[in-house]
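>>> sequence unknown, structure follows:
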């Protein structure tokens, strides 16, 4: 699981992101409106290959929790991408919280810089 956050005013609301892979193709994001899912799908399908990563060949189901929070912003694109990369084993699970982890991770899973 990867953690992200959405902004409400000046407050950051933590969001847990869980990804499941299964037979088929396409992306389903539980907790986002259908139009927003299409936009996220378009952005991620272009961003991952542009960064040298593979888009999964399986169906991707993403759960965003807590369910009651309204999530309509592009600010979740990075943690969503990291969740997909982690689920497809393109990065190691050491990068769990992109909101707090300021390390830069490269596609082979190593860390190229670490802040303390």
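Cool, the structure landed. In this text, all values refer to a predicted model and were calculated from it rather than measured experimentally. Numbering: from 1, shown residues only.

>>> What does the residue most central in space within the chain show for phi and psi?
Centroid check for the chain by Cα atoms, centre = their mean gives residue 80 as the closest residue, at 1.1 Å. Main-chain dihedrals, residue 80, degrees, to the nearest 10: phi -60, psi -50.

>>> For it, list the residues it contacts.
Residues near residue 80 by Cβ atoms under 8 Å, 6 or more residues apart in numbering: 4, 17, 29, 40, 44, 62. In short, each C-beta sits where N, CA and C put it, glycine included.

>>> Return the subset of these lying in helices.
Among these, DSSP state H puts 40, 44 in helices.

>>> Any chance of TSV for the contacts of residue 80, columns neighbour count?
TSV is the format used below for those (neighbours: other Cβ atoms under 10 Å):
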residue	neighbour count
4	23
17	23
29	22
40	20
44	18
62	21
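
>>> Quick check: the farthest pair among the contacts of residue 80?
The distance between the two most remote of these (Cβ to Cβ) is 13.4 Å, for 4 and 44.

>>> one step back: just name the closest of the contacts of residue 80 to residue 85, please.
Nearest to residue 85, judged by Cβ to Cβ, of those is residue 44 at 10.2 Å.
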